[in-house]
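Visitor: Here's my sequence, what's the structure:
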Amino acid sequence: MKREDLELLITREMPFGKYKGRRIADLPGHYLNWFARAGFPPGEIGRLLALTQEIDHNGPRPLLDPLRGLPKMPR
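Guide: Now for the predicted structure:
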């Protein structure tokens, strides 16, 4: 996982589908899990969706907070 990829997750918008225009890092888990079952699209968007799904599934979403300028979540 590279910092550049994490920065893309919070800046790149979903280019199609139900959540078109929403930042990739803000996509709901059920939508990301659907892609994991159905198959991620090819190219950069697919790679970013797969990374977001992995982050969402394993729980380290707060890793993205410093990049957004948000305070860290309390434990």
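
Visitor: Could you list the low-pLDDT ranges of this protein?
Guide: 1, 60-75 (pLDDT under 70).

Visitor: can you point me to the longest helix in it?
Guide: Ordering each helix of the chain by length in residues (DSSP state H) puts helix 43-58 first.

Visitor: Any chance you could give me that one in PDB, C-alpha atoms only?
Guide: Taking C-alpha atoms only, helix 43-58 is exported to PDB below (Å, rounded to 0.1, in the frame of the first residue of the first chain):
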ATOM      1  CA  GLY A  43      -7.500  -0.600 -14.700                       C
ATOM      2  CA  GLU A  44      -6.900   2.000 -12.000                       C
ATOM      3  CA  ILE A  45     -10.500   2.200 -10.800                       C
ATOM      4  CA  GLY A  46     -10.700  -1.500 -10.300                       C
ATOM      5  CA  ARG A  47      -7.400  -1.400  -8.400                       C
ATOM      6  CA  LEU A  48      -8.600   1.400  -6.200                       C
ATOM      7  CA  LEU A  49     -11.900  -0.300  -5.500                       C
ATOM      8  CA  ALA A  50     -10.100  -3.500  -4.500                       C
ATOM      9  CA  LEU A  51      -7.800  -1.500  -2.200                       C
ATOM     10  CA  THR A  52     -10.800   0.300  -0.600                       C
ATOM     11  CA  GLN A  53     -12.600  -3.000  -0.200                       C
ATOM     12  CA  GLU A  54      -9.600  -4.500   1.500                       C
ATOM     13  CA  ILE A  55      -9.300  -1.500   3.900                       C
ATOM     14  CA  ASP A  56     -13.000  -1.600   4.600                       C
ATOM     15  CA  HIS A  57     -13.000  -5.300   5.200                       C
ATOM     16  CA  ASN A  58     -10.000  -5.300   7.500                       C
END
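
Visitor: For that helix, buried residues please.
Guide: Residues of helix 43-58 classed as buried: 45, 48-49, 51-53, 55-56 (neighbour count, 16 or more other Cβ atoms under 10 Å). (C-beta placed from N, C-alpha, C; glycine too.)
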